[in-house]
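**Student:** Following is a predicted model, sequence given first.
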Amino acid sequence: MSATTAGATPLRVQTRDQTRQRLVGLVQSRGAIVVLVVAMLAAGLAFPDFLRIGNLSDIAVAASFLGLVAIGQTLVVILGGFDLSVGSMVGLGTVLAAYAAPYGALAAIAAPVAAGLLVGLVDGLLIVKARMAPFIVTLAALLALKGLAVMLAGESLVIADPGLFGRIANGAWLGIGNLVVVLAVAYAIAAIVLNRTRYGAAVFAIGGNEEAARMLGVRVDRVKIATYCASGALAGLAGSLLAAHLSSGLSSAGTGYELQSIAAAVIGGVLLTGGVGTMLGALAGVLLLGVIENVINQIGSLSAAYQGLASGAFLLLAVVVQSGLTRSRAG
Amino acid sequence: MLLETRGLTKSFGSVRALRDASFTLRAGEVHGLMGENGAGKSTLIKLLTGLNQPDGGEILLDGRPVSFDSPRTAQAAGVAAVYQEINLIPERSVADNLFLGREPRWFGLLVDRARMIADSRAILARYGLAIDPRAPLNTLGLGLQQLVSIARVVSLGARAVILDEPTSALSGAEVELLYSVVEQLRADGIGLIYVSHRLSECYRLCDRLTVLRDGAIVASDTTDALPRARLVSAMLGREQAASSTRKPRQAAADAPSQAPSQATSGDSSLGALHVEGLSWRHRVRDVSLDVARGEIVGLAGLLGSGRTETLKTIFGAEKPESGSVFVGGTRIGRPRPSESIRRGLAFLSEDRRSEGVFAQLSVAENLTASVLPRISRWGIVSRRRRDALVARYVRELGVKTASFDTPVTALSGGNQQKVLIARALCTDPEMVMLDDPTRGIDVGAKAEVHRVVRGLASEGLGVLVTSSELEEVVELSDRLVVLDEGRVTGGIDTEGRDADDVLALLAGPAATDGAPA
């Protein structure tokens, strides 16, 4: 009403160098997608079979398990933490699914998800209430859950009659695997939750400046616990679907997912220091790792060792570009 | 009365941080709250905003007693603080920051971004700020970030707003913008508690001023009725009538005339230290000063005048935007600590705990930390050489320690300080800068440190020293350089002077009658 009174002359305040800032933000959030598209086109030129729908669907199906894990991991990293327990949680999830499969598809999905929720709750409570470092808490969970999975199943546990449960994971629709649809829907929901809910805003705020977020009235503890729960539940879901895909529970399944999911998130533009990141970027990171694997397999003469080498190179590239961007933004 | 405290009292352990504080704030008033470090300002703010709870007394809002158990409840009732360090989320947009925790939503579910941005624009426009609400906060300058912070608390319904040193890191243009926002808030009937160390600012903005010292309110009046000189003496706790000892002429003061000639490559006419037009981020503004060999120069100024910042910038720990530093006549080309040390400049930080001692290490390891290459051969530290060096300084400075291998934290504060001074001396400096070297140490140890400092000067080193106590810096120095808001505003020879004379100088131009050149 009286914005012009009391000498408050509207002052045009120019934010410094806005175009450059916007560009930096764009590279940060969309860079991985560009790299993914370029990598796919290059692979398509080199191997005509690569761009067939069937092959692309195979890549996405193979990447869907890590993809689900990476959603939770991305939330946790944006929040300013780590979740190392997810790798073992996937393994335990496959085992629990194998145990529950005789009681129907619903049980085979619900049991691992519930277990994941519980693990996330314990992790979250220890981190928030006991003020322990996420790294240590989730590392302990990684070791413990792996042990638990082996205790329950030994090396593996075959699901005799997967039925509906198996069809969920292995079925396809118009040549596109069901798991691809699951992955796409999961990322769409995750992106909406992250960008369009108060919970998402709180996750960004805590990762950006936890103390400030607390002072601004964000319920930091709750949001943290909820995020570790989400991460655990998603790892459990990934384990369940992997069990359906393999028709068995494997205690060693998911090994290395904890670090691969962090790598995917970072390649996708999520800052390890928290507060910055996008779901679309993380998905691009996951798919890029999948494309690398597929291409190395297509070459055939190359050993799988090259896969790690290439993934590592992309990760390093992403980090170098990011630290450059962060510096240029600060400067 | 918008906000009132009656007999507010708070202790932390055995320290009485606030005693019987009665304070009032009217709607539409700017009330300046002043005082040195530890005077109780922060305690009062913490009680008002619910960060701490009072031990005694009461807080009244609109005449009704209230009790806040957290900043959240205080904010909900209409009392909020905006701190010097911005408590917002740097990576998020201005709109995200304005609406964090209360984002407008569709059907209580999804955030309505379009409305959030439009509302943000309206809030910002009210204070004359044409900021793009979508811009990430960290693309704005510090001043604008602070204004966003103010806009947030006011748009949340705060009627009593505490601004804690709002201008301490702002440029001139940003300060003007802040002033115009303050005027708008005043016109809107919001009560402002304005905490600042800058006298001129408080006299320009505030309707009333309240001064705290040692946890008690020592002066409170309308701005017109409280002249600068009275304000400053209230802050520093010196009644004009109280006599203090005149400074005796000291032997060390003779040193400049008979400074030993130390052969150096540089231009010896520039003395031990010559600083020219040094500036850093509006905290150090165009500072020029000289220290002769054998001279002790005191850097005097109220809290927030830029004493520490000036020393750090001279040392190269903060990177100056302009100006140059000469040590022993040689210009320091690239300002950074390693270069300064190489050129013979030593600096002792005021913050012993975080910038000084290595708490896990022994006395000897602490003392020699900066000269390891000199006492090592092929990368291996020679214990013999190290112990010789340590023995020398422990003797010369009178460090009381059970052994060289005693953990440094087992020593008293005064002896820790001597170890740090010894560490600075190990590098064979020509010029030593000591930032509040006696902070937090007892009286006896203080005298010891003074003896050491005078000893340095009598050996021909230049010394630049600050202190949080005015008497100390007057007593210790041959000459004072007075700082105000990062600028050198005067100088005074301390011979035959006492702290009261210097007080007048500190109070600023309005209170001085012909400051000595």
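**Tutor:** Great, that's in hand.

**Student:** Name the surrounding residues that touch stretch B:220-234.
**Tutor:** B:23, B:32, B:34, B:199, B:202-203, B:206-211, B:213, B:218-219, B:239-240, B:302, B:503-504, B:506-508, B:510-511 (C-beta atoms under 8 Å, 6 or more residues apart in numbering or on different chains). C-beta coordinates here come from the backbone N, C-alpha and C atoms, glycine included.

**Student:** Going along the chain, name the helices of the stretch 151-300 of chain A.
**Tutor:** Remark: helices of the stretch 151-300 of chain A, listed N- to C-terminal, are A:163-170, A:178-196, A:198-208, A:210-215, A:220-246, A:257-267, A:279-299; assignment by DSSP state H, counting those that start in this stretch.

**Student:** Same list, those helices, but as CSV with distance to chain B and mean neighbour count please.
**Tutor:** Below are the helices of the stretch 151-300 of chain A laid out as CSV (distance: least, C-beta to the nearest C-beta, whole Å; neighbours: other C-beta atoms under 10 Å in any protein chain shown):
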stretch, distance to chain B, mean neighbour count
helix A:163-170, 28, 18
helix A:178-196, 5, 18
helix A:198-208, 4, 24
helix A:210-215, 4, 19
helix A:220-246, 11, 26
helix A:257-267, 16, 26
helix A:279-299, 14, 23
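
**Student:** got CSV for those helices, with mean pLDDT too?
**Tutor:** Conversion of the helices of the stretch 151-300 of chain A to CSV gives the following (pLDDT from 0 to 100):
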stretch, mean pLDDT
helix A:163-170, 88
helix A:178-196, 95
helix A:198-208, 94
helix A:210-215, 86
helix A:220-246, 96
helix A:257-267, 94
helix A:279-299, 90
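
**Student:** Confirm that B:Ile217 sits in a strand.
**Tutor:** Yes - under the criterion used here (DSSP: H, G, I helix; E, B strand; the rest coil), B:Ile217 sits inside a strand.

**Student:** That one and B:Leu361: what is the separation?
**Tutor:** From B:Ile217 across to B:Leu361, the span is 44 Å (C-beta to C-beta, to the nearest Å).

**Student:** Show me which of those two is the more surrounded one.
**Tutor:** When neighbours are counted by other C-beta atoms under 10 Å in any protein chain shown, B:Ile217 and B:Leu361 differ, and B:Ile217 comes out ahead with 23 against 16.

**Student:** Against chain A, how distant is the more buried one?
**Tutor:** As for B:Ile217, its distance to chain A is 27 Å (criterion: C-beta to the nearest C-beta, to the nearest Å).

**Student:** mind listing the helices for the stretch 1-150 of chain B?
**Tutor:** Counting by DSSP H, counting those that start in this stretch, the stretch 1-150 of chain B has helices at residues B:41-48, B:71-77, B:94-99, B:113-126, B:142-155.

**Student:** wait, which of the helices of the stretch 151-300 of chain A is closest to B:Leu18?
**Tutor:** Between B:Leu18 and those, the shortest gap by C-beta to C-beta is with helix A:210-215, which sits at 21.4 Å.

**Student:** helices or strands next to the closest one in the packing?
**Tutor:** In terms of contacts (3 or more C-beta pairs under 8 Å, 6 or more residues apart in numbering or on different chains; DSSP states H and E), helix A:210-215 is packed against helix A:198-208, helix A:220-246.

**Student:** if you set the cut-off to 10 Å instead, what comes out?
**Tutor:** Other helices and strands packing on helix A:210-215, by 3 or more C-beta pairs under 10 Å, 6 or more residues apart in numbering or on different chains; DSSP states H and E, are helix A:198-208, helix A:220-246, helix B:71-77.

**Student:** closest to A:Leu142 out of the ones you listed?
**Tutor:** Closest to A:Leu142 of those is helix A:220-246 (C-beta to C-beta; 10.8 Å).

**Student:** so what's whichever residue of the stretch 301-450 of chain B sits closest to chain A closest to, chain neighbours aside?
**Tutor:** Taking C-beta to the nearest C-beta as the measure, the point where the stretch 301-450 of chain B comes nearest chain A is B:Lys319, at 12.8 Å. Beyond its immediate neighbours in the sequence, the residue positioned closest to B:Lys319 (C-beta to C-beta, 6 or more residues apart in numbering or on different chains) is B:Pro335, lying 6.0 Å away.

**Student:** A strand includes that neighbour, no?
**Tutor:** No - according to three-state DSSP, the state of B:Pro335 is coil, so it is not within a strand.

**Student:** do you know how far the residue in the stretch 151-300 of chain B that chain A sits nearest to is from B:Gly28?
**Tutor:** Each residue of the stretch 151-300 of chain B has a distance to chain A, by C-beta to the nearest C-beta, and the smallest belongs to B:Ala187, at 3.7 Å. From B:Ala187 over to B:Gly28 the distance is 7 Å, taken as C-beta to C-beta.

**Student:** Next: B:Gln84.
**Tutor:** 24 Å.

**Student:** and B:Val482, helix, strand or coil?
**Tutor:** Under three-state DSSP, B:Val482 falls in the strand class.

**Student:** Please name the bridge partners of it.
**Tutor:** For B:Val482, the beta-bridge assignment (DSSP bridges) gives partners B:Ala300, B:Gly490.

**Student:** where does the stretch 301-450 of chain B come near chain A, residue by residue?
**Tutor:** Where proximity means C-beta under 10 Å from any C-beta of the partner chain, the stretch 301-450 of chain B presents no interface facing chain A.

**Student:** where in the stretch 1-150 of chain B is pLDDT low?
**Tutor:** In the predicted model of the stretch 1-150 of chain B, residues B:37 satisfy pLDDT under 70.

**Student:** Where do the strands of the stretch 251-400 of chain B begin and end?
**Tutor:** Defined through DSSP state E, counting those that start in this stretch, the strands belonging to the stretch 251-400 of chain B, from first to last, are B:273-280, B:284-291, B:296-300, B:322-327, B:330-331, B:345-348, B:376-377, B:380-381.

**Student:** Give me the contacts around the last one.
**Tutor:** Contacting residues not belonging to strand B:380-381 are listed as B:Ala364, B:Glu365, B:Thr368, B:Leu372, B:Pro373, B:Ile375 [C-beta atoms under 10 Å, 6 or more residues apart in numbering or on different chains].

**Student:** I'd say the residue of the stretch 301-450 of chain B closest to chain A and B:Thr313 touch.
**Tutor:** Yes - contact status for B:Lys319 versus B:Thr313: in contact at 8.0 Å, counting by C-beta atoms under 10 Å.

**Student:** If you count surrounding residues, which of the two has more?
**Tutor:** A count of neighbours by other C-beta under 10 Å puts B:Thr313 above the other of B:Lys319 and B:Thr313, at 26 against 11.

**Student:** I'd say that one and B:Ser324 touch.
**Tutor:** No - using C-beta under 10 Å as the test, B:Thr313 is too far from B:Ser324 to be in contact (11.5 Å).

**Student:** shared neighbours of those two, anything?
**Tutor:** Residues within reach of B:Thr313 and of B:Ser324 at once, by C-beta under 10 Å, 6+ apart, are B:Val275, B:Leu278, B:Pro335.
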